[in-house]
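*Asks:* Quick one, what's the 3D model for this:
(chains A and B)
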Amino acid sequence: DQQVKQNSPSLSVQEGRISILNCDYTNSMFDYFLWYKKYPAEGPTFLISISSIKDKNEDGRFTVFLNKSAKHLSLHIVPSQPGDSAVYFCAASTDNYGQNFVFGPGTRLSVLP
Amino acid sequence: NAGVTQTPKFQVLKTGQSMTLQCAQDMNHNSMYWYRQDPGMGLRLIYYSASEGTTDKGEVPNGYNVSRLNKREFSLRLESAAPSQTSVYFCASREGTYNEQFFGPGTRLTVL
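*Replies:* Predicted coordinates:
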């Protein structure tokens, strides 16, 4: 059973518009969440994170929102750019996991010029 | 500063052959990890090393062994490759518990 789910395998957005990528989790013990971006033939690179004591974290064009009661987080990219086209992975961790993150299956974002 | 490096980039094996995937990091991180990524699935942890001299199993350790040679290097060995081990393998390193992991570029392995 997947503990971290990304139910949209793919998403297409027009350049300049907002991209919203969603992630749901089942383990209420998760208390730290990250988003990674992955280009083809490269390793994932860290994008942004959020701790469970916050409900929002911003870094430039990227904002992550956390709704603990719904066990849901989302990544907003505004405005979207063609260079944002990549696969985005949501990952979650907890004290109990210590050394491990649990990754979602990823969402492929295509930003159309 | 190269970050996390992996060799080889590509490898084709026949069933039953063995090989070792190499990983090195130059960020002086204590923790290192091996993941595999399969289509439609997230990254799954094979083994990790919290510090030099220690290794622990992750979610999918069967068929693999690891060696933390020193603080920089963490290798993954397939003793008798099987087609189910066809995957992309990523090595990562991290400093601290609530920090992000830094990933290498990956090794694409095909087992025929």
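*Asks:* which residues in chain A form strands?
*Replies:* Assigned by DSSP state E, the strands in chain A fall at A:4-5, A:10-14, A:19-25, A:32-38, A:45-51, A:56-59, A:62-67, A:72-77, A:86-93, A:102-103, A:107-112.
*Asks:* and for the longest one, what are the contacting residues?
*Replies:* So the one you mean is strand A:86-93. Under the criterion Cβ atoms under 8 Å, 6 or more residues apart in numbering or on different chains, residues A:3-4, A:6, A:21, A:23, A:25, A:27, A:30-39, A:44, A:47, A:73, A:75, A:100-109, B:42-43, B:97-98 lie in contact with strand A:86-93. The way it works is simple: take the backbone N, C-alpha and C, and place the C-beta from them, glycine included.
*Asks:* Would you give the sheet partners of it, along with the direction of each?
*Replies:* Using DSSP bridges, the strands paired with strand A:86-93 are strand A:32-38 (antiparallel), strand A:102-103 (antiparallel), strand A:107-112 (antiparallel).
*Asks:* contacting residues for the residue nearest the centre of chain B?
*Replies:* For chain B, B:W34 is the residue whose C-alpha lies nearest the centre (Cα atoms, centre = their mean; 2.9 Å). By Cβ under 8 Å, 6+ apart, the residues touching B:W34 are B:21, B:23, B:45-48, B:58, B:64, B:66, B:74, B:76, B:89-91.
*Asks:* ok so, going back, quick one: the strands of chain A as a markdown table, columns for mean neighbour count and mean pLDDT too.
*Replies:* Shown next, in a markdown table, are the strands of chain A (neighbours: other Cβ atoms under 10 Å in any protein chain shown; pLDDT from 0 to 100):
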| stretch | mean neighbour count | mean pLDDT |
| --- | --- | --- |
| strand A:4-5 | 20 | 94 |
| strand A:10-14 | 14 | 97 |
| strand A:19-25 | 21 | 98 |
| strand A:32-38 | 23 | 94 |
| strand A:45-51 | 17 | 93 |
| strand A:56-59 | 12 | 96 |
| strand A:62-67 | 18 | 98 |
| strand A:72-77 | 19 | 98 |
| strand A:86-93 | 24 | 94 |
| strand A:102-103 | 23 | 92 |
| strand A:107-112 | 17 | 97 |
